[in-house]
Structures are given as structure tokens and as C-alpha cells.
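>>> Fold the following and give me the result.
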Amino acid sequence: MKLTALINGTRTGRRTTSLPLLLFGAFLALCFGGCDSTGKTQRQSFLLRIDEMVVTRTDFYNALEIAKTAYPFEALQNPEVMAKVKARLLKQLTEELILARRAQDLGIAVSDAELEKAVAHITEDYPEGVFEQTLLENAIPFDVWKARLKAGMLMEKVIERELMEKMVITPEEASAYYREHHQEEQEAEGDVALLKRLRREKAQKAYVDWMKALQQQYHIELNQDLWKEILK
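From the prediction side, this is the model:
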């Protein structure tokens with residue numbers, strides 16, 4: 001099993017957070033009211049903030065450890081490469097924070113039961129302790145991975161509600177898509193699944209404009225001093 005599959009919550013033939021819109025390495029540990037998991041005040045160390053939702057310095061570096069697994073070790077020794085990795089991650093975390101804020105407005109959440117079910121679904125075929133050990137060998141604590149999974153599930157719910165459910169598919173579009181794809185080898189995929197895939201692809205195309213609109217709706221603060229420090 002590849003490390004990237006472990007990190008992204010995937011197994012052969014199975015995926016929990018399946019939306020292609022979710023970029024690799026996306027992770028968000030949201031902190032409400034300016035406190036981290038230990039209860040210490042983080043108001044002076046937020047990196048991103050929308051109202052009372054923040055991404056802290058710790059959140060960023062936890063996410064960075066995950067993002068770095070997508071690159072060869074040698075490449076990460078190049079300061080220019082690391083700067084690009086960090087900039088890409090900042091963009092990802094910004095979008096995740098926006099979607100988390102949107103989820104709050106829509107009353108969307110991921111329950112503990114939903115999260116535990118997803119974790120069990122991903123880890124059930126691994127011998128006891130192997131999944132967690134593989135993460136730890138790559139400096140990714142299980143709790144950090146689990147928080148990333150929950151964030152991905154939350155984003156998927158928002159995208160499902162706001163984009164996929166609102167995609168209109170005309171009979172002409174459906175017919176053309178079926179003609180193009182019906183002979184592809186898709187495991188247990190019928191007409192309904194093909195239409196769902198078409199709806200997902202249309203949602204992907206609409207994602208950029210939709211995200212731009214959300215960025216105008218919510219006031220996003222970036223701690224420039226902390227960001228400059230992170231880039232050093």
C-alpha cells in the first residue's frame with residue numbers, strides 16, 4: 001500500500017473522500033474561538049482567519065508534513081520547491097477554511113459517528129496497528145490524519161449540497177456523455193452512475209467561479225508577518 005493512499009484515505013478500489021476537487025494534502029484542523037487543542041490562546045498566531053474560525057501555525061505545519069510526502073526528499077531540499085509547496089498549501093487551506101465557514105452557514109457538519117464509520121471503512125483490512133504505524137513512520141500522527149479526513153468529508157458535503165445537487169443535465173448532454181463513455185470498463189457502473197459522474201465533472205468545472213464568489217462573501221484575514229516567517 002502506497003503512503004499517499006494511506007494519507008488520503010484510500011484503499012485499492014475504495015475511497016472515502018472521493019471528490020477530485022479535494023486537492024492532495026488538503027488538511028484543516030479548525031480552531032473555534034482562537035484556542036488550540038490544549039486550550040491555549042492562539043489569537044496572536046493565527047495564519048488564516050474568517051470570523052472566529054482560524055488556521056494556526058501548528059495547523060499549517062501539520063498539513064505541511066502531509067503535503068511533503070508527495071515530493072521526493074531531494075526536491076524538498078530546494079528552497080524554491082519548498083516555497084512553492086508552502087504557497088500551494090496556503091491556497092488549499094484558504095479554500096478549506098472558506099468551505100468550513102460555508103458549512104457553518106448551511107448547518108452542515110460531520111458527526112462523530114460518520115467519522116468513525118469512515119475511519120473503520122479505510123482501516124478495516126489492515127492488521128492491528130499497521131495503519132497507524134505507517135503514518136507515524138512518516139511523521140503523521142493518527143489524530144492529524146483523522147482531522148484531515150474529517151475536513152475532507154466536510155468539504156465533500158458542502159460541494160455536494162452547493163454544486164453537485166444544483167447541476168442541471170440536459171437530455172442532450174446525458175445522451176452524448178453516455179455515447180462517449182458507456183463502453184469504458186467501469187466496475188459495476190450503469191447509466192445512473194454515469195450520470196452521477198457527469199454531474200461531478202460539471203461541478204468541477206463550476207468550482208473555480210463558485211469559490212471566487214465565496215471569497216467575496218467571506219472576509220479572509222492572512223497574518224502576513226507569520227506567513228513571511230513560514231516562508232523563510
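
>>> What number of residues are in the vicinity of residue 120?
Counted with other Cβ atoms under 10 Å, the neighbours of residue 120 add up to 9. Backbone N, C-alpha and C define where each C-beta goes, glycine included.

>>> Over to the one 10 residues further on?
By other Cβ under 10 Å, the residues close to residue 130 number 13.

>>> quick one: pLDDT of it?
On the pLDDT scale, residue 130 is placed at 91.

>>> For it, give its distance to residue 145.
Residue 130 sits 14 Å away from residue 145, taking Cβ to Cβ, to the nearest Å as the criterion.

>>> Same check on residue 204?
Separation of residue 204 from residue 145 (Cβ to Cβ): 25 Å.

>>> and those two? which has more neighbours close in?
Between residue 204 and residue 145, counting by other Cβ under 10 Å, residue 145 is the more crowded of the two (23 against 15).

>>> excluding its backbone neighbours, what's nearest the more buried one?
residue 135 (5.4 Å; Cβ to Cβ, 6 or more residues apart in numbering).

>>> how far does the helix or strand where the one you found lies sit from the chain's center?
In this assignment (DSSP states H and E), residue 135 forms part of helix 130-137. Put simply, helix 130-137 sits 20 Å off its chain's centre (Cα atoms, centre = their mean, to the nearest Å).

>>> residues in contact with the residue of the chain positioned farthest from its centre?
Going by Cα atoms, centre = their mean, the residue of the chain most distant from its centre is residue 172, 32.9 Å out. Neighbour list for residue 172: empty [criterion: Cβ atoms under 8 Å, 6 or more residues apart in numbering].

>>> helix or strand for it, which one?
Judged by DSSP H and E, residue 172 forms part of helix 171-181.

>>> Tell me which other helices or strands whatever helix or strand comes next after that helix touches.
For helix 171-181, the following helix or strand on the C-terminal side (DSSP H and E) is helix 191-217. Judged by 3 or more Cβ pairs under 8 Å, 6 or more residues apart in numbering; DSSP states H and E, helix 191-217 is in contact with helix 79-106, helix 142-162, helix 171-181.

>>> give me that answer again for 7 Å
If contacts are counted by 3 or more Cβ pairs under 7 Å, 6 or more residues apart in numbering; DSSP states H and E, helix 191-217 sits against helix 79-106, helix 171-181.

>>> Tell me which of the ones you listed is the most buried.
helix 79-106 (a mean of 17; mean count of other Cβ atoms under 10 Å).
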